[in-house]
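Participant: 3D model of this:
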Amino acid sequence: MVRTQIEDLAKKFGITLIYLFGSEAEKGRIFFEGGEITSTPASDLDIAVAFEKVPSEPMDVYGRLYNELSEIFHPFHVDLLFVHDVDTLFRYEVIKGIRIFASGTFDADAFEEDILKKSEDLFYKKKRLDREIMEAVENGYIEIEYKPNP
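Facilitator: Next comes the predicted model:
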């Protein structure tokens, strides 16, 4: 039932990918597959969507999509984001979640591989920068002053 609703929703809005991610992703997957779940009022289900073409009226699409996803995934409180609106490292967090929909015309594996490559590059650069900063501190090129808050 939920799977069919998601497929219809994706077709209606031109969605190529839908992910569940975050702390409630596994419960969301169980619900998506027709299982029973227990949710609390604080249970929010993070949902990320990617579009075939970025919506020309994103706020309108966001509102309509949010309402429909909230109905489909009731009793969860839905947190919705558009993949094209977030940076590479956030996209990495999204794809670590659970993909519940991929359109047949879109290569989801290539999309995920591209994000993995870009995020790995960013992680490498951050690690290198951290190492250079620590070397500069150890060699006395940079002084760090620490004062605890009173």
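Participant: State the distance from Ile18 to Lys147.
Facilitator: 48 Å (Cβ to Cβ, to the nearest Å). C-beta coordinates here come from the backbone N, C-alpha and C atoms, glycine included.
Participant: In terms of packing, which of the two has more residues around it?
Facilitator: Using other Cβ atoms under 10 Å as the criterion, Ile18 and Lys147 rank with Ile18 on top: 22 against 5.
Participant: Does the more buried one touch Val49 like I think?
Facilitator: Yes. Counting by Cβ atoms under 8 Å, Ile18 touches Val49, with 5.3 Å between them.
Participant: low pLDDT regions in this protein?
Facilitator: Scanning the chain for pLDDT under 70 picks out 105.
Participant: before we move on, which element is the residue most central in space within it in?
Facilitator: Among the residues of the chain, the one closest to the centroid is Val94, at 2.8 Å (Cα atoms, centre = their mean). Using DSSP states H and E, Val94 maps to helix 88-95.
Participant: Tell me the helix or strand right after that helix.
Facilitator: Sequence-wise, the next helix or strand beyond helix 88-95 is strand 98-102, with elements assigned using DSSP H and E.
Participant: for this protein, what spans make up the strands?
Facilitator: Assigned by DSSP state E, the chain shows strands spanning 15-21, 44-51, 77-82, 98-102.
Participant: Report how many residues lie close to Gly35.
Facilitator: By other Cβ under 10 Å, the burial measure for Gly35, its neighbour count, is 9.
Participant: Backbone dihedrals for it, please?
Facilitator: In terms of degrees, to the nearest 10, the main-chain angles of Gly35 are phi -80, psi 170.
Participant: Many thanks, I have nothing further to ask.
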